[in-house]
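Student: Sharing a sequence plus its predicted fold:
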Amino acid sequence: MTTSPLASPAATRGLLEEFGLATKHRLGQNFLIDNHVIERIMSLAELDGSERVLEVGPGIGTLTLALLSEASRVVSVEADPELEPVLEAHAEEHDGFAFIMGDALKVAPAEIAEAAGGEPTVFVANLPYNVAATIILQFFQTMPALQRAAVMVQKEVADRIAAAPGNRTYGGYTAKLGLYGRVTGRFEVPPRCFMPAPHVDSAVVRIDRGGIELPDGIDAEAVSRVIDAAFGQRRKTIRNSMGSNGFDKAVLDESFPVAGVEPSARAETLSTADFVRLTAALAQSVPSAGESEAR
């Protein structure tokens, strides 16, 4: 099983002292110190040596070093400039490693692809928890070569990612993610596996690309607009919520039976496939959905 030489309290402290660093809670830095967790992440990622791996929030490189032992190429994006000397040291020792300093949500996919020697194919990371959900969805949206992800997130985020319709944690985010991928694995990580220990539980989830197939003429952006409108006012029926968020109610009334959706349903009871059918039905109606004011 693949491990990391930095996945222990002593090794982490030693490196932090070597570079004169201290943990920075403002960036959500909780360093992974458990090699058993590293082993399970690597097992979930299923690398065969051909992948170009994208990592976000490498920190001092604990997971990075494990990835480098199995992947063809690893490119990491790090926001904290004080960690640059650490990552530079890793880059000098590993030809297959490159890193980009910056905000992962603002770095262009083309820049990442250039650093990785091609578009990344796998996303593996211990993500900054405050932006984890946004990063996952954005990467699947903007990096079509990305085939799967194995990412550490806050347990509540993992619950949202894996939620089924009707579950209290299911929402617009879950429905949108379903356009791109599906959860195929998960395990929990307790606070004691980090230094310092966070005040929340964590989980690693694997997401494989392969969402709902879209009909001709319908794109993910159009479905996302429908999802946003449907969840705009969760306590209302889907008809009233969408009607209050830019969709013509007469058009909605024509489209619901075509899509097989009850107008009295709540958005959280609809699957991604339901939203795709509704979007397709709306696209066939005149005037175009969302273009006229709600009645």
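Tutor: Done, it's in. Numbering: from 1, shown residues only.

Student: Let me know the distance separating A230 from D248.
Tutor: Counting by CB to CB, to the nearest Å, the gap between A230 and D248 amounts to 15 Å. All C-beta spots, glycine's among them, are computed from the backbone N, C-alpha and C.

Student: hmm, I was thinking of E188
Tutor: Relative to D248, E188 is positioned 45 Å away (CB to CB).

Student: which of those two has more neighbours?
Tutor: Under the neighbour definition other CB atoms under 10 Å, E188 and D248 were set side by side, and D248 has more, 23 against 10.

Student: Distance from the helix or strand containing T12 to the middle of the chain?
Tutor: For T12, the host element (DSSP states H and E) is helix 9-18. Using CA atoms, centre = their mean, to the nearest Å, the mean C-alpha position of helix 9-18 is found 29 Å from that of the whole chain.

Student: What strands line up against the next helix or strand after it, and which way round?
Tutor: In the C-terminal direction, the helix or strand that comes right after helix 9-18 (DSSP H and E) is strand 31-32. Sheet pairing of strand 31-32 (DSSP bridges) gives strand 194-195 (antiparallel).

Student: how far is the partner strand from where the chain is centred?
Tutor: 22 Å.

Student: residues in contact with that strand?
Tutor: P9, T12, R13, T23, N30, F31, L32, I33, D34, S202 (CB atoms under 8 Å, 6 or more residues apart in numbering).

Student: Average pLDDT for that strand, rounded please.
Tutor: Predicted confidence along strand 194-195 averages 94 (mean pLDDT).

Student: Which is the succeeding secondary structure element to that strand?
Tutor: Of the helices and strands lying after strand 194-195 in sequence (DSSP H and E), the nearest is strand 202-209.

Student: Would you map the strands across the stretch 51-200 of the chain?
Tutor: Per DSSP state E, counting those that start in this stretch, the stretch 51-200 of the chain has strands spanning 52-56, 73-78, 97-101, 122-126, 148-154, 181-189, 194-195. These are given in chain order.

Student: Quick one: closest of those strands to G166.
Tutor: Of all the strands of the stretch 51-200 of the chain, strand 181-189 sits nearest to G166, with 16.3 Å by CB to CB.

Student: what separates the closest one from the chain centre, distance-wise?
Tutor: How far strand 181-189 lies from its chain's middle: 12 Å, per CA atoms, centre = their mean.

Student: can you state the direction angle for that strand and strand 122-126?
Tutor: An angle of 30 degrees separates the directions of strand 181-189 and strand 122-126 when computed by axes from the mean of the first three to the mean of the last three CA atoms, to 10 degrees.

Student: sorry, back to before: which parts of the helix holding T12 are buried?
Tutor: Within helix 9-18, the residues scored as buried using 16 or more other CB atoms under 10 Å are A11, T12, L15, L16.

Student: Quick one, grab the pLDDT at H25.
Tutor: pLDDT recorded at H25 is 54.

Student: got it, and the one 5 residues further on?
Tutor: The score at N30 is 89. That number is its pLDDT.

Student: Tell me how many other residues crowd V151.
Tutor: Neighbours of V151 using other CB under 10 Å come to 27.

Student: Number the chain from 657, please
Tutor: Got it, the first residue is 657 from now on, which makes the last one we talked about V807.

Student: right, and it touches A859 too?
Tutor: No - using CB atoms under 8 Å, V807 is not in contact with A859, being 9.5 Å away.

Student: State the mean pLDDT of stretch 778-792.
Tutor: For stretch 778-792, the mean confidence score works out to 95.

Student: neighbours around the residue lying closest to V856 once chain neighbours are set aside, how many?
Tutor: Take V856 and drop its neighbours on the chain: the residue closest to it by CB to CB, 6 or more residues apart in numbering is Q810, 5.2 Å away. Using other CB under 10 Å as the criterion, Q810 is surrounded by 19 other residues.
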